[in-house]
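K.L.:
Mind folding the following:
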Amino acid sequence: MAEYKKGRVVKGTVTGIEPYGAFVSFGEFYSGLIHISEISGSFVRNVSDYVEVGEEIYAKVIEIDEENKHIKLTIKDMNYKVDGNNIKEIDKNGFMPLKQNLNIWINEKIKEVIDSGVLGKIISIEQVENVAYWHQAHSFVRGDWRNSEESVPMILAKCCHDLDIAVYLADSKCKYVSSIGKLNYFNKENAPNGATQYCLGGCKAKDKCPYDCEKIYIKDIKGKPSAVYKYMWPQSRLMTDSTVTIPKLYEACKNTDFGKCVFLSDNNVVDHQTVQMEFENGISSTLTMTAFSGKSSSRETVIRGTLGFMYCHTDKPKFILEEYGKKPKKISRSLSARGSHAGGDGKMITALAEGHAKTDINMSLESHLMAFLAEQSRLENGVPKYLDEYRKSY
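P.N.:
Residues are numbered from 1 along each chain as shown. Down below sits the predicted model:
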């Protein structure tokens, strides 16, 4: 049909959302796909943060398959939101303007509530890093960060920014850290009967194992158009050229570390760890990092004060704020503003480029020192490590 030409902006309705992109309908004859790589110039963690089923959007045609009546689309760097017959204003990064979409940035909002005094004196900060079972298997059992002798301790690789946030929210230097945790599950002792070195090597436990490499890398994309998963992560990490194909995935699963049994790899980093911190201003803080969580890699934060507390979850659109003796309030934020690390990566670079960064390198040095000392404490069965003793060395 003449209406659908390469480069033309068309209007359609989102009919489905998958981890790899969004499906769009254009009526009776044509359907389209916006691959996750065509949603934003920034890293996209969840497609549903940008579009939702039933929503009308504008998209640009980048390729047409006339035989199958299928269109490849993009909404990168364009005004794609539809409001009646008008397009809502979107900035160049794909985010709603701040004047329309306040309270977007998660930890800025938490800090705003803390600084308002509504919670009273802050007593504690509690953080949970839900790594996600598949992410642990991919990155910390089979992947680049599986062995601390070849990379860094997991508490630094996965949670350096969580410690950054703790320092930012506490607004104080850390007095000491103490940590416990270990590699509890992903080791030879827990290998099921019939396990083989590679999942595709005849493993008799494969069908029931959620960590099976075929389930993690291939099952959800098998049978889909190749354009859907061409550059999809984490599958792209298995490719030497970052271009994903099903045959190459099977080859990688048969011959690389990413296809190894999670119980028979050479990993040595923890699968769960808890860090306890006390800051110089008296605030206590805990951080729990765990592999044993669902599909979503998410974070939770609880701030407890003398007059109230606040609960925040990166996957939920509202925060819970309760002033003691009063009815809890729900504070909205926009999920559409999220990108890599809940929008933090893009915001941090923008703030740095525009000269109004909220923190500096000293805070990052503080949180990195906390991570290294937390690992030392863990290896010494939770012996507290006082930061003043180590600050003098740098």
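
K.L.:
Every contact and neighbour count from this point should use C-alpha atoms.
P.N.:
Will do.

K.L.:
Run through the stretch 1-150 of the chain and note the low-pLDDT ranges.
P.N.:
By pLDDT under 70, the weakly predicted segments of the stretch 1-150 of the chain are 1-4, 27-30, 42, 82-106.

K.L.:
ok, 80 please
P.N.:
For the stretch 1-150 of the chain, applying pLDDT under 80 flags the ranges 1-5, 26-31, 41-45, 65-70, 77-79, 81-108.

K.L.:
Walking through it, point out its helices one by one.
P.N.:
Taking DSSP state H, counting those that start in this stretch as the test, the helices found in the stretch 1-150 of the chain are 106-116, 133-135.

K.L.:
Out of those, which one sits most buried?
P.N.:
Ranked by mean neighbour count, the helices of the stretch 1-150 of the chain are led by helix 133-135 with a mean of 22 (mean count of other C-alpha atoms under 10 Å).

K.L.:
Check which helices and strands it sits against.
P.N.:
Where contact means 3 or more C-alpha pairs under 8 Å, 6 or more residues apart in numbering; DSSP states H and E, helix 133-135 is not packed against any helix or strand.

K.L.:
outside of it, which residues touch it?
P.N.:
Outside helix 133-135, the residues that touch it by C-alpha atoms under 8 Å, 6 or more residues apart in numbering are Pro210, Tyr211, Ile216, Ala291, Phe292, Ser293, Gly294, Lys295, Ser297.

K.L.:
what about the fifth one, how many neighbours?
P.N.:
For Phe292, the number of neighbouring residues by other C-alpha atoms under 10 Å comes to 15.

K.L.:
list the contacts for the nearest residue to Ser25 once chain neighbours are set aside?
P.N.:
Spatial nearest neighbour of Ser25, chain neighbours left out: Ser31 (4.7 Å); criterion: C-alpha to C-alpha, 6 or more residues apart in numbering. Counting by C-alpha under 8 Å, 6+ apart, Ser31 makes contact with Phe23, Val24, Ser25, Lys69, His70, Ile71.

K.L.:
picking up where we left off before, export the helices of the stretch 1-150 of the chain to JSON lines and tack on distance to Ser124?
P.N.:
Formatted as JSON lines, the helices of the stretch 1-150 of the chain follow (distance: least, C-alpha to C-alpha, whole Å):
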{"stretch": "helix 106-116", "distance to Ser124": "11"}
{"stretch": "helix 133-135", "distance to Ser124": "28"}
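
K.L.:
Quick one, which of these gets closest to Glu278.
P.N.:
Minimum separation from Glu278 across the helices of the stretch 1-150 of the chain (C-alpha to C-alpha) falls at helix 106-116, 17.6 Å.

K.L.:
can you give me the helices in the stretch 151-300 of the chain?
P.N.:
Counting by DSSP H, counting those that start in this stretch, the helices of the stretch 151-300 of the chain are 154-170, 213-214, 226-229, 246-255.

K.L.:
I'd like the distance between the residue nearest to Ser25 and Asn130.
P.N.:
36 Å (C-alpha to C-alpha, to the nearest Å).

K.L.:
pLDDT of the lengthiest helix in the chain, averaged?
P.N.:
Criterion DSSP state H: the longest helix present in the chain is helix 361-379. Average pLDDT, helix 361-379: 92.

K.L.:
Check stretch 293-301 too.
P.N.:
On average, stretch 293-301 scores 89.

K.L.:
List the buried residues for it?
P.N.:
Residues Ser293, Ser296, Ser297, Ser298, Arg299, Glu300, Thr301 are the ones in stretch 293-301 that count as buried (16 or more other C-alpha atoms under 10 Å).

K.L.:
Compute the first-to-last residue distance for it.
P.N.:
End-to-end distance of stretch 293-301 (C-alpha to C-alpha): 16 Å.

K.L.:
hang on, the earlier thing: any idea which of the contacts of Ser31 is closest to Ala166?
P.N.:
Looking across these and measuring by C-alpha to C-alpha, the closest to Ala166 is Phe23, at 38.8 Å.

K.L.:
circling back: looking at the helices of the stretch 1-150 of the chain, which is nearest to Ser284?
P.N.:
helix 106-116 (14.7 Å).

K.L.:
now the closest one, how far from the centre of its chain.
P.N.:
21 Å (C-alpha atoms, centre = their mean, to the nearest Å).

K.L.:
ditto for stretch 199-218
P.N.:
24 Å.

K.L.:
thinking Gln296 is in contact with Gln136, fair?
P.N.:
Slight slip there: residue 296 is Ser, not Gln. No - with contact defined as C-alpha atoms under 8 Å, Ser296 does not reach Gln136; the gap is 11.6 Å.

K.L.:
can you list the domains in this protein?
P.N.:
9-87, 106-186+267-391, 188-259 (automatic domain parsing).

K.L.:
hmm, back to that, looking at the helices of the stretch 151-300 of the chain, which is buried most?
P.N.:
Highest mean neighbour count among those (mean count of other C-alpha under 10 Å): helix 213-214, a mean of 24.

K.L.:
okay, now Leu379: neighbour count?
P.N.:
Neighbour tally, Leu379, other C-alpha under 10 Å: 14.

K.L.:
Spatially nearest residue to it (excluding sequence neighbours)?
P.N.:
Ile180 (7.9 Å).

K.L.:
now, which of the buried residues of stretch 293-301 lie within strands?
P.N.:
Among the buried residues of stretch 293-301, the ones falling in strands (DSSP state E) are Ser298, Arg299, Glu300, Thr301.

K.L.:
Show me what the last one bridges to in the sheet.
P.N.:
I take that to be Thr301. Gln127, Cys312 (DSSP bridges).
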